[in-house]
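A.B. asks: No sequence on hand, only this structure:
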């Protein structure tokens, strides 16, 4: 029926969160494909950006959804964060929260450029050097305090 959706989703913001959560689950599935790569963090970065470039509508839904921290539907974003942080912790154990936060921001920014102003460029050009430089910077300055709110910080 025309109003059936509103029995499950109460407003436009709720619809954005539901669609964003589904997109986050797709991204998680893409990141969790097993690999024997020597640089799993680089593989994670490549898969993240590939998802953004190949699935721009799903990526946009993921980015635009803004679930509240106490909303149960925030769980896919938390799981995604934990996947990123876990991989970062393997390379930068003394600053995993800060380095993971920086990598997350870098990937979001790089994806936005690849989908916008740099649309014609190769999306993975220089990615390995950038990820390595970012992690090396945190290795050299660690320990670094966590920039995350108490519920997400693990350092």
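C.D. replies: Arrived safely. Only a predicted model underlies this, so the values are computations on that prediction, with no experimental measurement involved.

A.B. asks: Residue 80 and residue 25 touch, don't they?
C.D. replies: No - with contacts counted by CB atoms under 8 Å, residue 80 stays clear of residue 25, the gap being 9.0 Å. Quick note: C-beta positions are derived from backbone N, CA and C, even for glycine.

A.B. asks: I'd like to know how far the nearest residue to residue 79 once chain neighbours are set aside sits from residue 21.
C.D. replies: Leaving aside its sequence neighbours, residue 79 sits nearest to residue 28 (CB to CB, 6 or more residues apart in numbering; 6.0 Å). Per CB to CB, to the nearest Å, residue 28 is found 10 Å from residue 21.

A.B. asks: List the contacts of the residue nearest the centre of the chain.
C.D. replies: By CA atoms, centre = their mean, the chain has its centre lying nearest to residue 104, at 5.4 Å. By CB atoms under 8 Å, 6 or more residues apart in numbering, the contact set of residue 104 is 81, 84.

A.B. asks: Pull up the gap between it and residue 98, please.
C.D. replies: 11 Å.

A.B. asks: quick one: low-confidence ranges for this protein?
C.D. replies: Within the chain, the segments meeting pLDDT under 70 span 1-11, 151-155.

A.B. asks: could you pull out the helices for this protein?
C.D. replies: Shown for the chain, the helices assigned by DSSP state H span residues 5-8, 12-31, 40-54, 56-64, 75-91, 96-115, 127-141.

A.B. asks: Residue 148: which of these is closest?
C.D. replies: Of all the helices of the chain, helix 96-115 sits nearest to residue 148, with 5.3 Å by CB to CB.

A.B. asks: No more questions from me, cheers.
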